[in-house]
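Asker: what's the 3D shape of this:
(2 chains)
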There are 2 protein chains.
Amino acid sequence: MTPPPSPGPAGLIPHGPADLVVTGCTALTHDPQGEIVFVDDATIVVRDGVIASVTAGGPQAPPGARHVDGRGTVALPGLVNCHTHTPMVALRGLAEDLPAHAWFNDWIWPVESNLTERVVGLGARLACAEMIRAGVTTFADHYFAMDEVAAATEESGLRAVLGQAYFSTQGPEGRAASLDFALRQRGAADGRITTCLAPHAPYTVDEADLAATAELAGEHGLLVHIHAAENHEQTANSLARHGRTPIEILERAGLLDTDVLLAHVTGLDTARDLPVLRRAAERSGGRVAVASAPRGYLKFGWDTTPVRALREAGVPVGLATDGAASNNTLDVWESMTLTALVQKSVERDPTWLTARQALDHATLQSARAVGLGDEIGSLAAGRRADIVLVDLTGPHTQPVHDLAATLVHSARSGDVRTTIVAGRVLMRDRELLTLDVPDIVGELSGLLPELVDRSHGKRIQEYEG
Amino acid sequence: MTPPPSPGPAGLIPHGPADLVVTGCTALTHDPQGEIVFVDDATIVVRDGVIASVTAGGPQAPPGARHVDGRGTVALPGLVNCHTHTPMVALRGLAEDLPAHAWFNDWIWPVESNLTERVVGLGARLACAEMIRAGVTTFADHYFAMDEVAAATEESGLRAVLGQAYFSTQGPEGRAASLDFALRQRGAADGRITTCLAPHAPYTVDEADLAATAELAGEHGLLVHIHAAENHEQTANSLARHGRTPIEILERAGLLDTDVLLAHVTGLDTARDLPVLRRAAERSGGRVAVASAPRGYLKFGWDTTPVRALREAGVPVGLATDGAASNNTLDVWESMTLTALVQKSVERDPTWLTARQALDHATLQSARAVGLGDEIGSLAAGRRADIVLVDLTGPHTQPVHDLAATLVHSARSGDVRTTIVAGRVLMRDRELLTLDVPDIVGELSGLLPELVDRSHGKRIQEYEG
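Answerer: Down below sits the predicted model:
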């Protein structure tokens, strides 16, 4: 069901001298049907931030080009975190072993009353450092004070799809601010930032607001990124209150006719919602997508995203981590591994969601989910040079009988040795080159006592799911 | 339900000059009730392979002692892999995305017809390297050609509980060889090796053989390590064939009156088996234990070990990885994380199996499961100096609001910086000091084509579960 990767817009492949050449790696590429093909002893040539060629054997590093020795590594398209709230790393581990109601109402939403732009900026920088070290090259963020996140994106060198979150309790100003952010920051950071509209969820944004959002998205050609059917309790509550599931509410508001990224969808009402999503996927050519962050669903005791049903309905499912306040990590590699394991478990089918299928979700499907299906997600001429090199020489990844299985079931995010975005090396041999973690952590630590103070008794919303 | 850690046999705490001193770490210790207490700025003094003291602040490193600077790290009792088949790392990734029947009958048992002592020895060495790098200091191994594993244990510096596996198809010689190994290797490697009897499973070892094993275990004071009720299909088949569950078969054979370590137990028949295990635990003082390796259960689409019920029945549950041919890793840290996540999920209770409970399984309960409850599993005076230092300075483990949550849900095995067994440093700053991975992998790779050849059509057993 995955369409073949396109080489990108005609004429995008740049000519002239290479900026960067990776040699001697095994490259994960895709054939025209989108199937994964590993190319041994590959050379990847990068010009102007774009992949110029991926060839077996291939040229030696030309003089003048930066050379990365890829021997002993596998080159993958950089991972995509399709749904996160980066600044929430500041709350990592603050509210543990709790059900969703207590997590939101007693901890997260009270503490978020204390957010400052500086905390958001520092949290986003710490998150970017974590993601670069974990081989993530693009993240889709959904939070507040997003100009701070845009600045962190710029500074970190990462690629991002950013949306300013809003609730209907903010009045029309919430939506207007989200649109203002999206139009103002679109194309920032040398084009590494794309933007979206980010209504919070069907249970915090009313139907009129959702409908207005759908119109704005169409008018401005913007993606909409929204939480939807996060769990079955939400779906049951939605049916009780409105007579419609969260997915049906989105459909009625016109949001399923736009490019839309739905976070979680573990509460899918298969009988009612699946035909709706299938029709939307057919109508839009697969522009309705889902982001799945399986770790948090286990932790909250929820069902997981019904990946098999969504795949069969033609809906791309990208991998995500959600925020670190619930998920504890921004480790998309772990999301890939858990997707494979949990899907086998819930379907009671060890032959399903193979290692290659997990890699498909981590590459082409994740790229499509965040609206960058022609730009990233594959190591192919014309695609952005977002590349990670994974070291497979460790004892835990040897021997290699099946490279896909080694990547999904034995390797770890900590095996990522080098992270490259738009042809720029952001981590070399595990050393971060754009961000200073001790500085960030030092300043953030000083702000934490004020951040976590809940004595004011306020909260930014009330969670009723 | 966990009894307080004992300081070990009276008089074990050695006097005289320290061999090794770790300073400046945060130490995970246990109070007399077995609850976890983190001690900041701790100093750990080691003499003669045993912990002499763990104190806050504490002395500077005395002259002559080896000094490990623990600043920025947490010191934990070394992890225990309570059930594995180390040489099977040679088959890592060979048989993927398969149900258990095909995995055994089409791949593993045919390939195991080709095992040689050299492959076993190399596999065990590679596995030891993987475990040292993952912070595992003790492993319970259940396999063939175990003298090779003993030699690898000796060379690696790890602690191990080793058993030579047997099937009834081998005749009485299988059991006799297991006993011979257990008596001969007991106390080897300067006491780091303890041994056990290792009948394969109730479906491959008949009742007479199991009863004889129970007698030998009692006579020689040996632990018995056996697969039991690996999944519900096995339990159903056992009931159909014998009118008894696998647990009832073990009880009838007298094995639940011995020190016994049951691997997996995901197929527990709660109504029939739980009272049996509760009685056995009461009778034996908790010497009936279970090893849980949750990754593989997800991968095979099985239920998981019913940890909550077993805890309530007084049965210790230790953490394990099984062999890498099914589990793909020997990463006990991942087993700890998955135990927390999967237990919340299956119990539909986010408040259960807290991070501290996961750490309890990883420390005291795992030590008890492998019969070393007084020797390892806690950083306390008189216990063996099996210590790992975990680096928490990485961006993915900052900030720290709740250290237990950071360890269980954010940290990774790759964050283990230093691994110490019996006071000897086996890995320093991620560098292995006792094993040469490229050498091992190089030689093993040359033997793989012959190992994986299935053209002979043989298999060592037939899996009917």
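
Asker: what sits against residue A:344?
Answerer: Contact analysis of residue A:344 by CB atoms under 8 Å, 6 or more residues apart in numbering or on different chains lists A:350, A:352-353, B:97, B:298-301. Where you see a C-beta, it was placed from the backbone N, CA and C, and this is true even at glycine.

Asker: reformat those into CSV and put neighbour count and distance to residue A:267 next to each item.
Answerer: Supplementary listing: the contacts of residue A:344 in CSV, determined by neighbours: other CB atoms under 10 Å in any protein chain shown; distance: CB to CB, whole Å:
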residue, neighbour count, distance to residue A:267
A:350, 21, 26
A:352, 16, 21
A:353, 25, 20
B:97, 22, 28
B:298, 22, 22
B:299, 23, 26
B:300, 20, 27
B:301, 20, 23
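
Asker: quote the end-to-end distance of stretch A:358-366.
Answerer: 11 Å (CA to CA, to the nearest Å).

Asker: ok, now stretch A:317-336?
Answerer: 11 Å.

Asker: returning to that earlier point: mark which of the contacts of residue A:344 are part of helices, please.
Answerer: B:298-300 (DSSP state H).

Asker: show me where the stretch 301-450 of chain A has strands.
Answerer: Counting by DSSP state E, counting those that start in this stretch, the stretch 301-450 of chain A has strands at residues A:317-319, A:387-391, A:416-421, A:424-428, A:431-432.

Asker: can you report how many residues neighbour residue A:309?
Answerer: By the criterion of other CB atoms under 10 Å in any protein chain shown, residue A:309 has 16 neighbours.

Asker: so who does residue A:369 touch?
Answerer: A:80, A:82, A:140, A:261, A:289-291, A:316-318.

Asker: count of residues packed around the closest residue to it other than its chain neighbours?
Answerer: Excluding the flanking residues, the one nearest residue A:369 by CB to CB, 6 or more residues apart in numbering or on different chains is residue A:318, at 3.0 Å. For residue A:318, the neighbour count with other CB under 10 Å is 29.

Asker: and for residue A:204?
Answerer: 21.

Asker: and it, what does it touch?
Answerer: Contacts of residue A:204 by CB under 8 Å, 6+ apart are A:167-169, A:461.

Asker: now the two most distant members of these.
Answerer: Taking CB to CB, the two most distant members of these are A:168 and A:461; they sit 10.1 Å apart.

Asker: that older thread, emit the ChimeraX select command for whichever of the contacts of residue A:204 are buried.
Answerer: Here is the ChimeraX selection string for the buried members of these, based on 16 or more other CB atoms under 10 Å in any protein chain shown:
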select /A:167,168,461
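
Asker: can you lay out the contacts of residue A:204 as CSV showing pLDDT and secondary structure?
Answerer: CSV is the format used below for the contacts of residue A:204 (pLDDT from 0 to 100; DSSP: H, G, I helix; E, B strand; the rest coil):
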residue, pLDDT, secondary structure
A:167, 96, coil
A:168, 97, helix
A:169, 96, helix
A:461, 86, coil
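
Asker: please identify which of the contacts of residue A:204 is nearest to residue A:184.
Answerer: Distances from residue A:184 to the contacts of residue A:204, taken by CB to CB, are shortest for residue A:167, at 20.7 Å.

Asker: picking that back up, closest one to residue B:43 out of the contacts of residue A:344, please.
Answerer: Using CB to CB, the contacts of residue A:344 come closest to residue B:43 at residue B:298, 40.6 Å.

Asker: mind pulling up the pLDDT for the residue sitting furthest away from the middle of chain A?
Answerer: Of all residues in chain A, residue A:63 has its C-alpha farthest from the mean position, at 35.9 Å, by CA atoms, centre = their mean. We have a pLDDT of 72 for residue A:63.

Asker: and it, backbone torsions?
Answerer: Phi and psi for residue A:63, reported as degrees, to the nearest 10, are phi -60, psi 140.

Asker: with residue A:141 instead?
Answerer: Dihedral angles (degrees, to the nearest 10) for residue A:141: phi -110, psi 150.
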